[in-house]
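**Student:** Quick one: sequence plus predicted model below, questions after.
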Protein chains: 2
Amino acid sequence: MFLCLSRLSLRLGRVSRCHGDRRLIATVVSGTKTARDVKQRLVLQVEQMQTHFSGFRPGLVVLQVGDRDDSNLYISSKLKAAAEIGINAKHIRLPSTTCQDEVLRNILALNEDPEVHGLIVQLPLDSDKPMDQDLITNAVSPLKDVDGLSCVNAGRLSRGELRDCFLPCTPQGCMELIRQTGVSVAGKQAVVIGRSKIVGAPMHDLLLWNHATVTVCHSRTKDLPDQVSRAHILVVGMGRAELIQGDWIKEGAVVIDCGINYVTDESRPSGRKVVGDVHYASANQRAGFLTPVPGGVGPMTVAMLMQNTVISAQRFLQNQTRT
Amino acid sequence: MFLCLSRLSLRLGRVSRCHGDRRLIATVVSGTKTARDVKQRLVLQVEQMQTHFSGFRPGLVVLQVGDRDDSNLYISSKLKAAAEIGINAKHIRLPSTTCQDEVLRNILALNEDPEVHGLIVQLPLDSDKPMDQDLITNAVSPLKDVDGLSCVNAGRLSRGELRDCFLPCTPQGCMELIRQTGVSVAGKQAVVIGRSKIVGAPMHDLLLWNHATVTVCHSRTKDLPDQVSRAHILVVGMGRAELIQGDWIKEGAVVIDCGINYVTDESRPSGRKVVGDVHYASANQRAGFLTPVPGGVGPMTVAMLMQNTVISAQRFLQNQTRT
């Protein structure tokens, strides 16, 4: 069913090579390219807002506690993307000595600030003091929770109220990549590997409410190869390097790899390289569509954060004009 | 694996008949009996609370708008169960002319009432005025939402925070019935048919976080018999009379039927009878364990509402003694 989709392949910027009835190489679904397209669209949307509301800019705050290197890296990529789009992004860094009440006070003040439309707390919290991460995540107003991590957003998503919530960025990015393939989700067998709060669990919800029949697998699943082999659409977010083997995959399937794992690679100056949760070389011989790592889901996560911020700003303006 | 479990069958009060290697009749999992056991346990728990806190009684309020006959019937069974257990249950009926603001004011007052530990709004609302059911459901404090229907509770459940939420009553009742069979859930293939807010969606969550590999099927699923045939544990809540045929079912499976459907039966004075979503007679020849309709999941829903109310009262007392 998925064989030789040359028209779609061209849309995706790659031509897949077919040999008789046998696909040799999967079509690469580029997150880098799709994220760029999304950001270009957002630039136009922000310009349009400014045409109607002179001087208005969507506002995003990234609240950080402490000074983790990896967090700094992620934050800088978010700030860079925001700047490109015209989002007014602000980075608030609280020292690691900050107590929980002070973090909460900051969040509550930002919840009230009409110039802030998106508010995210950079996780993990890097603090010397005891912190209840759940309490802090849920202190963010559901109206500004552009990471989509609060209970209220998770509850709405899990019960199918997709329009009333913010969709978590990574699963939303995966859906966007699936859409890029042109393969419809409704009625398909989707398999999600992993059940984390930021990837697997909301990914299940999104696929389900886009009308796929969805199976969630995890560390306690006994027959993983068999489960994988049933998937028309496979989304993997287990955090285990190259776990999913190509010969497990249904021929022609859409395979979305959310894994980011560092493995030893003596040939590189850094001594390591990044790989996904899917064994790329073998999956490439079976899948119809496959996301690379890096350059697949990763860039989409930041693009979707920007999209959520723009949506939040649009909702804010709609409410303003209504009142 | 599930064949001839005579010891378990005895626990369940029925002896299954085995003939060589072939099971002829599934073991009936009685909700009526299990609900009675649960209620007896709750009686003791309430007595224990009263030993420590003289005069204390768990308090439940059922808020009704309008006067639907079916709602009246459900409410009376809840009030009866509460009375048996020692829960102080109060029925507030607002006329169908009540406006939404007045309903919300009632809810907010009950949220503040320290004698009310459980608060449920009887659905559907039977009102002449426009009502936002979602807004009303979510106005109930998550601390008193013993129906487990608010976004906050749904969000916690869907992300695996089972101890911090109230579990919706019907899926919780199903889990209790599955436990009665002695079949462990972890690592099993569970299939849920239906994705409603009160049955299918939370049932998926409960099975997943009890470590089953879970597939959710629904009206858009194309290969329902095949999906059903894979299930070690099958929970059906589609609302379609006798949809699931016996020959679809894996031999020895645990089959939990949440359906309540009225079908014509000329042989009865009422001209109708109640059947489940599973074709009982044929399923009985294949399943290892099977819930009847009526007398299966139905009685468990009320028992679990009582259990949630008692849990809420216990949490209230724990907080009181802490402060």
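**Tutor:** Okay, I see it. Residues are numbered from 1 along each chain as shown, chains lettered A, B, ... in the order given.

**Student:** Just want the phi and psi numbers for residue A:136.
**Tutor:** phi -70, psi -50 (degrees, to the nearest 10).

**Student:** What degree of burial does it show, as a neighbour count?
**Tutor:** Neighbourhood size, residue A:136 [other CB atoms under 10 Å in any protein chain shown]: 20. Bear in mind the C-beta positions are built from the backbone N, C-alpha and C, glycine included.

**Student:** Checking my notes, residue A:51 in a helix, right?
**Tutor:** Yes. Assessed with DSSP: H, G, I helix; E, B strand; the rest coil, residue A:51 lies in a helix.

**Student:** burial measure for it, as a count.
**Tutor:** 9.

**Student:** Then the one 4 residues further on?
**Tutor:** Burial of residue A:55, expressed as a neighbour count using other CB under 10 Å, amounts to 5.

**Student:** which SS class is it?
**Tutor:** Taking three-state DSSP, the label given to residue A:55 is coil.

**Student:** which parts of chain A sit against chain B?
**Tutor:** A:134, A:150-161, A:164, A:186-187, A:189, A:195, A:197, A:201, A:204-205, A:208, A:211-218, A:220-223, A:227 (CB under 8 Å from any CB of the partner chain).

**Student:** Report the buried members of the residues you listed.
**Tutor:** Buried members of those, counted by 16 or more other CB atoms under 10 Å in any protein chain shown: A:134, A:150-159, A:161, A:189, A:195, A:197, A:201, A:204-205, A:208, A:211-218, A:221, A:227.

**Student:** Helices of chain A, residue ranges please.
**Tutor:** Ranges of helices within chain A are A:6-11, A:31-52, A:69-85, A:100-112, A:133-139, A:151-158, A:169-181, A:200-209, A:224-229, A:280-283, A:297-322, based on DSSP state H.

**Student:** in the shortest one, what's buried?
**Tutor:** Residues A:280, A:282-283 are the ones in helix A:280-283 that count as buried (16+ other CB under 10 Å).

**Student:** What is the burial count for residue A:47?
**Tutor:** 11.

**Student:** What of residue A:162?
**Tutor:** 13.

**Student:** cool, the one 4 residues further on as well?
**Tutor:** Residue neighbour count, defined by other CB under 10 Å, stands at 28 for residue A:166.

**Student:** Kindly export stretch A:123-142 (C-alpha atoms) in CSV.
**Tutor:** C-alpha atoms of stretch A:123-142 as CSV (Å, rounded to 0.1, in the frame of the first residue of the first chain):
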residue,chain,number,x,y,z
LEU,A,123,13.1,20.8,33.3
PRO,A,124,14.8,19.2,35.1
LEU,A,125,15.0,21.8,37.9
ASP,A,126,18.6,22.3,39.0
SER,A,127,18.1,23.3,42.6
ASP,A,128,19.8,22.8,46.0
LYS,A,129,16.4,23.1,47.7
PRO,A,130,13.6,20.4,47.8
MET,A,131,11.3,21.0,44.8
ASP,A,132,8.0,19.4,43.9
GLN,A,133,8.3,19.3,40.1
ASP,A,134,4.7,18.3,39.7
LEU,A,135,3.5,21.2,41.8
ILE,A,136,5.6,23.6,39.9
THR,A,137,4.6,22.3,36.5
ASN,A,138,0.9,22.6,37.5
ALA,A,139,1.3,26.2,38.9
VAL,A,140,1.7,27.4,35.3
SER,A,141,-1.7,28.7,34.1
PRO,A,142,-3.3,26.1,31.7
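
**Student:** ok, residues contacting it?
**Tutor:** A:64-68, A:71, A:96-100, A:103-104, A:107-108, A:111, A:119-121, A:147, A:149-153, A:165-166, B:161, B:164 (CB atoms under 8 Å, 6 or more residues apart in numbering or on different chains).

**Student:** Any regions of the stretch 1-150 of chain A where pLDDT drops low?
**Tutor:** A:1-23 (pLDDT under 70).

**Student:** Identify each buried residue in stretch A:38-53, please.
**Tutor:** A:38-39, A:42-43, A:45-46, A:49.

**Student:** In CSV: the helices of chain A, plus distance to residue B:245.
**Tutor:** Converted to CSV, those look like this (distance: least, CB to CB, whole Å):
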stretch, distance to residue B:245
helix A:6-11, 38
helix A:31-52, 43
helix A:69-85, 51
helix A:100-112, 53
helix A:133-139, 44
helix A:151-158, 30
helix A:169-181, 33
helix A:200-209, 24
helix A:224-229, 24
helix A:280-283, 37
helix A:297-322, 40
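
**Student:** what's the closest of those helices to residue B:271?
**Tutor:** helix A:200-209 (38.2 Å; CB to CB).

**Student:** Touching that closest one from outside, list them.
**Tutor:** A:148, A:154, A:157-158, A:160, A:162, A:167-168, A:170-172, A:174-175, A:185, A:190, A:192-195, A:214, A:216, A:218, A:233, A:235, A:237, B:158-160, B:195, B:204, B:216, B:218.

**Student:** ok, now stretch A:61-69?
**Tutor:** Everything outside stretch A:61-69 that qualifies as a contact, by CB under 8 Å, 6+ apart, is A:71, A:75, A:78-79, A:89-96, A:98, A:103, A:106-107, A:110, A:116, A:118-122, A:124-127, A:131.

**Student:** Could you do stretch A:97-108 as well?
**Tutor:** So stretch A:97-108 is contacted by A:63, A:65, A:92, A:94, A:119, A:121, A:125, A:127-132, A:135-136, A:139-140 (CB under 8 Å, 6+ apart).

**Student:** if I pick the closest residue to residue A:87 other than its chain neighbours, what's in contact with it?
**Tutor:** Once flanking residues are discounted, residue A:87 sits nearest to residue A:58: 4.7 Å by CB to CB, 6 or more residues apart in numbering or on different chains. Counting by CB under 8 Å, 6+ apart, residue A:58 makes contact with A:46, A:49, A:86-88, A:117-118, A:309-310, A:312-313.

**Student:** Report the residue ranges of every domain in chain A.
**Tutor:** A:6-30+A:168-298, A:57-146 (automatic domain parsing).

**Student:** Can I get those in TSV including distance to residue B:273?
**Tutor:** Below are the domains of chain A laid out as TSV (distance: least, CB to CB, whole Å):
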stretch	distance to residue B:273
domain A:6-30+A:168-298	31
domain A:57-146	45
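
**Student:** Identify whichever of those lies nearest to residue B:288.
**Tutor:** If we rank the domains of chain A by CB to CB, the stretch that ends up nearest is domain A:6-30+A:168-298, at 18.5 Å.

**Student:** follow-up on the earlier one: distance of the residue nearest to residue A:87 from residue A:306?
**Tutor:** Remark: distance between residue A:58 and residue A:306 (CB to CB, to the nearest Å) = 9 Å.

**Student:** so what sits against both of the two?
**Tutor:** Common neighbours of residue A:58 and residue A:306 (criterion: CB under 8 Å, 6+ apart): residue A:87.
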